[in-house]
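**Student:** Mind folding the following:
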Amino acid sequence: MNSKKMDSGSKDLISSLPDSLIGHILSFLSTKDAALTSVLSKRWRNLLAFVTNLDLDNTIYDVPKMGRKRRRHLRKSFKLFVERVLSLQGNAPLNKFSLRCKIACVTSRVNRWILKALERGVVDLDIYISSEHEYPLPPQVLMSKTLVRLKVAGTDEFIIDVKEVSLPKLKTLHMNNVSFADESGAAFAKLVSGCHALEELVIVKMYWDFRGSCSVSHPTLKRLTICTENIDETSESVSFDTPNLVYLEFTDVVAAKYPKVNLDSLVEASIGIRMTSDQVFDGRDLVNRHYGYRLCKGINATDFLMGISNVKILYLSSQALEVLTFGCKTIPVFNNLIHLTIETDQDVDWESLPNLLKNCPNLETLVFEGLHYGDTNQCFDDGYRFKDTNECFVTGADRCACKPWDGTPAWLLSSPVKKLKVLKFGEITSYKDDMDKQTDLINYFVETMPNLEEVVLYYDTPFDSDLEIVSNGFQQLEKVASTKCKIQVVSDNISFSTTVHSSSSSTSGLVFFKNTFPV
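**Tutor:** Now for the predicted structure:
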């Protein structure tokens, strides 16, 4: 090997780089780790001054095993460390300031750190405050001319008092488990309207004014996530005026009405609207007493569903599916929908599903998260039938293998779906669930849906024998609606692969293989 090459390789090439470039490299480390490099040599002693991303966290010291005295000492050391870093950096421009801090009653020191970051023109501000007492966000944060991304999180004691708002460059706003000083929708609306360039808004574990009206209105918003706390109270109205929104994740108690839902650009939605516990009880009680499925008073999700009917990709929680049953007068037509995911639950009937699927004329992929469903309107646990359930059959005194609906819905016979996926196939959650019941349901789909080309079952089992049982079950199929249909059983635990053909056609088959790609 050339001796010159050996000599150059033995040199500390990183130390020869400019200070600003080394500072940029250190910015990818936690501030604590970046500070440790100061002991390498005199050359590295003050390079922390050039780090443009600060990541400061004293919650790592909140470990009971450390003991109170040890934790107190470490928190004091943390404060001194932060003061030293900020003093070393002076007024140099700052890109990101991330602060995770558990504090007692003194907030002035923490506020001084945040205000210093604002003075330095911070672009990305990420604050997590856990406090035993009320902690108000410094009002200067809502008046920053440089912030592009703002994330605030903590506990209910973290308060945002919306007085003046001017965030002209802010594009991303995340709020997690914090509260508004004014709990009405007015404070929220004022905050959003003061972010003129906003593109992404995330609201998690926050309380709105459920007794009144709530509105999300912004012309440039593209992504919106709202996941409210599980409060059993219905809003009078909820409105959306976001014409450029392309992604919506919405989890909330269903409102009494949705007077405005302007979501014309929506492409993907994840919907988890739910009824109150009283509404769920009333709806299911009517079914259990054989009065049928009736709309619950005080809710109407029809206008909201109309507003999202342009989506191409849709996820519905099991609770949302129940809202379609008890809180929706008319299910709209989803002409653009090509990918639908349904979360299932053992206590939720599929009564609304046939009408929903009938109104998805271009659906290509249908995904079930589990194959659980309620059977309260189909048979008794003791083996007796209802007089209107001709399709019901009983496999035991305490198990029912009914189809999820009576008869064969017309939609299934003309279904456009080409790909059917089942996540958590084989998952048993209670005595209501049964592996045979799930296998029979897959057989039912394969025998009925004429355009199926692929069925993928994600089966998490450690036993090869389970796969053999499933294999034998599908080999027994006497009828396959589509001769192009291939059934795949995917498992992380399967180390072999085999192919079998159903008795109805040599072109259809069952394939087992190890899962090597994401769902």
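**Student:** When you work out contacts or count neighbours from here on, use the C-alpha atoms and nothing else.
**Tutor:** Noted.
**Student:** Quick check: end-to-end length of stretch 127-135?
**Tutor:** End-to-end span of stretch 127-135 (CA to CA, to the nearest Å): 12 Å.
**Student:** same check, this time on stretch 154-173
**Tutor:** Using CA to CA, the distance between the terminal residues of stretch 154-173 is 15 Å.
**Student:** Buried by neighbour count: which residues of that stretch qualify?
**Tutor:** Of all the residues in stretch 154-173, those buried under the rule 16 or more other CA atoms under 10 Å are 154-162, 165-173.
**Student:** Which of those residues fall in strands?
**Tutor:** Among the buried residues of stretch 154-173, the members falling in strands (DSSP state E) are Gly154, Phe158, Ile159, Ile160, Thr172, Leu173.
**Student:** Test my guess that the fifth one contacts Leu147.
**Tutor:** No - the pair formed by Thr172 and Leu147 falls short of the contact definition of CA atoms under 8 Å, at 9.2 Å.
**Student:** before we move on, back to that, using a markdown table, lay out the ones in strands among the buried residues of stretch 154-173 together with pLDDT.
**Tutor:** As requested, these are exported to a markdown table (pLDDT from 0 to 100):
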| residue | pLDDT |
| --- | --- |
| Gly154 | 88 |
| Phe158 | 88 |
| Ile159 | 89 |
| Ile160 | 91 |
| Thr172 | 98 |
| Leu173 | 98 |
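**Student:** Sort out which one of those residues lies nearest Val455 for me.
**Tutor:** Nearest to Val455 among these, counting by CA to CA, is Thr172 at 39.0 Å.
**Student:** give me phi/psi at Ile271?
**Tutor:** When quoted as degrees, to the nearest 10, the phi and psi of Ile271 stand at phi -110, psi 120.
**Student:** what's around it, how many residues?
**Tutor:** Counted with other CA atoms under 10 Å, residues neighbouring Ile271 total 23.
**Student:** Now do the contacts for it.
**Tutor:** Going by CA atoms under 8 Å, 6 or more residues apart in numbering, Ile271 touches Leu248, Glu249, Phe250, Thr251, Leu314, Tyr315, Leu316, Ser317, Ala320.
**Student:** go on, Glu268?
**Tutor:** Counting by CA under 8 Å, 6+ apart, Glu268 touches Val246, Tyr247, Leu248, Val311, Lys312, Ile313, Leu314.
**Student:** Please narrow those to those residing in strands.
**Tutor:** Those of the contacts of Glu268 mapping onto strands are Tyr247, Leu248, Ile313, Leu314, per DSSP E.
**Student:** Past the helix or strand hosting Val280, which element shows up next along the chain?
**Tutor:** For Val280, the element it lies in under DSSP states H and E is helix 277-288. Following helix 277-288 in sequence order, the next helix or strand is helix 302-307 (DSSP H and E).
**Student:** That next one - contacts with which helices or strands?
**Tutor:** strand 261-262 (3 or more CA pairs under 8 Å, 6 or more residues apart in numbering; DSSP states H and E).
**Student:** can you pick the most crowded of the contacts of Glu268?
**Tutor:** Neighbour counts for the contacts of Glu268, by other CA under 10 Å, peak at Val311, which reaches 24 neighbours.
**Student:** Hmm, it is touching His339, no?
**Tutor:** No - with contacts counted by CA under 8 Å, Val311 stays clear of His339, the gap being 9.3 Å.
**Student:** which one of the contacts of Ile271 is nearest Asp126?
**Tutor:** Nearest member of those to Asp126, counting by CA to CA, is Glu249, at 21.8 Å.
**Student:** What about the closest one, how many residues nearby?
**Tutor:** Neighbours of Glu249 (other CA under 10 Å): 19.
**Student:** what pairs with it across the strands?
**Tutor:** Judged by DSSP bridges, the bridge partners of Glu249 are Thr225, Ser270.
**Student:** what's the least confident helix or strand in this protein, going by average pLDDT?
**Tutor:** Least confident helix or strand of the chain, by mean pLDDT, DSSP states H and E, is strand 394-396 with a mean of 31.
**Student:** quick one: Val348 and Val280, what's the gap?
**Tutor:** From Val348 to Val280 the distance is 10 Å (CA to CA).
**Student:** Reformat the ones in strands among the buried residues of stretch 154-173 as a markdown table; add distance to Asp55.
**Tutor:** Formatted as a markdown table, these follow (distance: CA to CA, whole Å):
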| residue | distance to Asp55 |
| --- | --- |
| Gly154 | 16 |
| Phe158 | 20 |
| Ile159 | 23 |
| Ile160 | 23 |
| Thr172 | 19 |
| Leu173 | 19 |
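**Student:** domain assignment for the chain?
**Tutor:** As given by automatic domain parsing, the domain ranges for the chain are 16-90, 342-519.
**Student:** Lowest average confidence across those, which one?
**Tutor:** Note on those: domain 16-90 shows the lowest mean pLDDT, a mean of 64.
**Student:** what residue ranges in the stretch 151-300 of the chain are flagged as low confidence?
**Tutor:** Within the stretch 151-300 of the chain, the segments meeting pLDDT under 70 span 184, 207-211, 230-231, 287-296, 298.
**Student:** Now Cys360: closest residue in space that isn't a chain neighbour?
**Tutor:** Phe334 (5.0 Å; CA to CA, 6 or more residues apart in numbering).
**Student:** from memory the one you found sits against Pro361, does it?
**Tutor:** Yes - between Phe334 and Pro361 a contact is recorded at 7.4 Å, counting by CA under 8 Å.
**Student:** Between the two, tell me which one has more neighbours.
**Tutor:** Counted by other CA under 10 Å, Phe334 and Pro361 do not tie: Phe334 has more neighbours, with 23 against 18.
**Student:** any idea how far the more buried one is from Leu363?
**Tutor:** Distance from Phe334 to Leu363, by CA to CA: 9 Å.
**Student:** Please apply the same query to Tyr458.
**Tutor:** From Tyr458 to Leu363 the distance is 21 Å (CA to CA).
**Student:** residues in contact with Cys214?
**Tutor:** Contacts of Cys214 (CA under 8 Å, 6+ apart): Gly185, Trp208, Ser235, Ser237, Val238, Ser239.
**Student:** try 7 Å
**Tutor:** Contacts for Cys214 (CA atoms under 7 Å, 6 or more residues apart in numbering) come out as Gly185, Ser237, Val238, Ser239.
**Student:** Does the second one touch Ser213 like I think?
**Tutor:** It stands for Ser237. Yes - using CA atoms under 7 Å, Ser237 is in contact with Ser213, at 4.8 Å.
**Student:** all helices in this structure, in order from the N-terminus.
**Tutor:** Assigned by DSSP state H, the helices in the chain fall at 3-10, 19-26, 31-36, 68-89, 108-119, 185-193, 277-288, 302-307, 318-326, 353-358, 410-413, 435-448, 464-475.
**Student:** closest one to Lys96 among those?
**Tutor:** For the helices of the chain, the distance to Lys96 is smallest for helix 108-119, at 8.6 Å, taking CA to CA.
**Student:** what's in contact with the closest one?
**Tutor:** So helix 108-119 is in contact with Leu94, Phe97, Pro138, Ser144, going by CA under 7 Å, 6+ apart.
**Student:** now for these, which pair is the farthest apart?
**Tutor:** Among the contacts of helix 108-119, Leu94 and Pro138 lie farthest apart (CA to CA), at 18.5 Å.
**Student:** Which of these two has more residues huddled nearby?
**Tutor:** Leu94 (22 against 17).
**Student:** hmm, back to that, any chance of the contacts of Glu268 in a markdown table, plus distance to Leu125?
**Tutor:** Output for those, formatted as a markdown table (distance: CA to CA, whole Å):
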| residue | distance to Leu125 |
| --- | --- |
| Val246 | 25 |
| Tyr247 | 24 |
| Leu248 | 24 |
| Val311 | 33 |
| Lys312 | 34 |
| Ile313 | 32 |
| Leu314 | 32 |
